[in-house]
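K.L.:
Sequence first, predicted model second:
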Amino acid sequence: MANKVFLILVLVGVPLSVIGTMMHWSSIIMFIIYCLTIIALSSFMGRATESLAIVTGPRVGGLLNATFGNAVELIISVFALKAGLTGVVLASLTGSVLGNLLLVAGLSFFVGGLKYKRQTFNVFDARHNSGLLMFAVIVAFVIPEVFSMTMEQTEKMSLSVGISVILILLYLAALFFKLVTHRGVYQTSHEGEEHEEEVPEWGRNKAIGVLFIATLAVAYVSENLVHTFEVVGETFGWTELFIGVIIVAIVGNAAEHASAVIMAYKNKMDIAVEIAVGSTLQIAMFVAPALVLVSLFFPTPMPLVFTIQELIAMASAVLLSIIIANDGESNWFEGATLLAAYFIMGIGFYLL
């Protein structure tokens with residue numbers, strides 16, 4: 001049923017997005033159309049990556065899902081940088097970290113926990129990811145803020161570029177570690193058990209084709225979505241911070257949000273956790289530094305310097321998620337705890 005709804009939204013939303021842009025319809029109406037269209041397109045990206053995940057396994061599948069889920073936000077952010085909206089971009093990166101660690105993981109634990117009393121996932125991956133999360137968010141994001149307090153803008157950018165290059169190199173090393181040199185080394189006992197063989201919804205070629213077409217469509221819609229932010233913010237009284245942290249983050253990550261919850265409901269917690277945590281690591285260690293480097297080609301470069309509120313929110317989310325997930329088990333109450341933290345922070349950002 002849901003797939004039919006998303007198909008209708010795509011068939012209606014994409015033409016309306018083109019027509020509305022050409023006819024200069026109301027920014028508020030177009031904002032709603034663009035958001036619904038991106039979410040619907042994201043659902044197709046999620047189904048395609050789920051089909052590929054069945055073929056490639058949980059780790060690669062989770063990585064694929066996180067990558068294409070973040071591709072939507074990366075595209076939106078590039079066009080936002082082009083428009084000079086660096087505040088929105090930094091806020092959307094914050095929103096992605098909070099959304100993945102608290103909203104996505106929280107919903108996955110909660111929904112899966114309602115069906116199963118106790119769910120387990122790879123504790124070795126959880127502990128490995130914990131160290132990377134601490135490094136990526138608390139070390140690599142907090143240090144630029146501390147050191148940049150006495151720096152000029154050019155010095156801030158030099159510091160940000162240096163940190164960005166290190167983050168990208170370490171992220172690539174982490175992928176090489178997980179997928180090549182130590183693949184299968186830290187395997188829990190239940191991972192080796194035989195499971196009922198699943199049949200992917202789409203074949204590999206069709207899934208790749210859907211991903212390609214959906215990504216192109218998202219790129220077009222995202223570019224136009226960015227131009228509505230200013231009018232929407234003035235109309236509803238939303239700040240750049242709230243638009244970035246909540247609106248852009250939720251719309252941009254809709255695909256992985258849905259995929260992680262579906263995986264958790266099917267008791268595939270390794271994939272669900274890999275999507276939530278893997279996506280956070282990809283945002284912090286690849287997308288954010290990549291956007292810093294891309295911003296050098298635009299009139300307004302973006303230093304990797306967040307506000308105090310953003311840093312405290314991200315650090316709190318990291319610490320809470322590490323404490324809850326480090327035992328390799330989850331239940332609905334732990335999911336409710338993560339969701340409560342997300343809503344508390346959401347209220348705070350709205351009232352700023």
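P.N.:
Perfect, thanks for sending it. Numbers count the residues shown, from 1 in each chain.

K.L.:
From here on, just use CA atoms for contacts and neighbour counts.
P.N.:
Will do.

K.L.:
Strands along the stretch 101-250 of the chain, start to end?
P.N.:
Counting by DSSP state E, counting those that start in this stretch, the stretch 101-250 of the chain has strands at residues 119-120.

K.L.:
Might you report the residue contacts of Ser27?
P.N.:
Contacts here follow C-alpha atoms under 8 Å, 6 or more residues apart in numbering; on that basis Ser27 touches Thr228, Val231, Val232.

K.L.:
and with 7 Å instead?
P.N.:
Taking C-alpha atoms under 7 Å, 6 or more residues apart in numbering as the definition of contact, the neighbours of Ser27 are Thr228, Val231.

K.L.:
Would you map the helices across the stretch 51-200 of the chain?
P.N.:
Assigned helices in the stretch 51-200 of the chain, in chain order: 58-82, 86-98, 105-115, 123-133, 140-147, 153-176 (criterion: DSSP state H, counting those that start in this stretch).

K.L.:
Could you point out which of these sits nearest Ile243?
P.N.:
Closest to Ile243 of the helices of the stretch 51-200 of the chain is helix 86-98 (C-alpha to C-alpha; 6.9 Å).

K.L.:
Return the angle between stretch directions for the closest one and helix 123-133.
P.N.:
The directions of helix 86-98 and helix 123-133 differ by 160 degrees, with axes from the mean of the first three to the mean of the last three C-alpha atoms, to 10 degrees as the criterion.

K.L.:
what packs against helix 86-98?
P.N.:
For helix 86-98, the contact count by 3 or more C-alpha pairs under 7 Å, 6 or more residues apart in numbering; DSSP states H and E identifies helix 58-82, helix 240-242, helix 249-252, helix 308-325 as packing neighbours.

K.L.:
ok so, going back, pipe the helices of the stretch 51-200 of the chain into TSV and attach mean pLDDT per row.
P.N.:
Putting the helices of the stretch 51-200 of the chain into TSV (pLDDT from 0 to 100) gives the following:
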stretch	mean pLDDT
helix 58-82	74
helix 86-98	88
helix 105-115	92
helix 123-133	84
helix 140-147	83
helix 153-176	89
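
K.L.:
Okay, now the unreliable bits of this structure?
P.N.:
Within the chain, the stretches falling below the threshold (pLDDT under 70) are 1-2, 57-63, 65-66, 69, 182-198, 255-256.

K.L.:
gap between Ala284 and Ile322?
P.N.:
Ala284 sits 16 Å away from Ile322, going by C-alpha to C-alpha, to the nearest Å.

K.L.:
got it, and Leu85?
P.N.:
Looking at Leu85 against Ile322, where the rule is C-alpha to C-alpha, the gap reads 32 Å.

K.L.:
can you check Ile143 too?
P.N.:
Using C-alpha to C-alpha, one obtains 20 Å as the distance from Ile143 to Ile322.

K.L.:
now swap in Val305 and tell me
P.N.:
From Val305 over to Ile322 (counting by C-alpha to C-alpha), the distance is 24 Å.

K.L.:
Looking at those two, which has the bigger crowd around it?
P.N.:
Summary of the neighbour comparison: Val305 and Ile322, criterion other C-alpha atoms under 10 Å, with Val305 having more neighbours (22 against 19).
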